[in-house]
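[1] sequence first, then the predicted structure:
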Amino acid sequence: MFVNYWTNSHSYSLAVTGLKMKNKVFSTREEANQMMYKIMAKYHLTLQKVFDDNHDKTYVCDNGVRFYIQRTFE
């Protein structure tokens, strides 16, 4: 009997440099993006650049704060 142990279950981590915040894990990229934009609004940050590396994205704000959203496997 063949048992498939590989799962396609992804989660997305949100990390920040330049602000004091613990890393958070979300079940979808959209949830991670929403939290990032919520934090940006709270601190009045403006997005300057986005680096898209397939499954990992880096968002650079005007004052040097960086957000990292990365796909992880569970």
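    All right, it came through fine. Residues are numbered from 1 along each chain as shown.
[2] just for this protein, where's the confidence low?
    Filtered on pLDDT under 70, the chain yields the residue ranges 1-8, 74.
[3] for this structure, what spans make up the helices?
    For the chain, applying DSSP state H gives helices covering 29-42.
[4] got the buried residues for stretch 44-63?
    Under the neighbour-count criterion of 16 or more other C-beta atoms under 10 Å, stretch 44-63 has 45, 57-59, 61 buried. (Each C-beta comes from the backbone N, C-alpha and C, glycine too.)
[5] same list (these) but as CSV, adding distance to Lys20.
    Compiled in CSV, those are given as follows (distance: C-beta to C-beta, whole Å):
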residue, distance to Lys20
Leu45, 14
Lys57, 21
Thr58, 19
Tyr59, 18
Cys61, 15
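[6] looking at those residues, which are in strands?
    Applying DSSP state E to the buried residues of stretch 44-63, the entries found in strands are 57-59, 61.
[7] burial check on Phe67, number of neighbours?
    Phe67 sits with 26 neighbouring residues when counted by other C-beta atoms under 10 Å.
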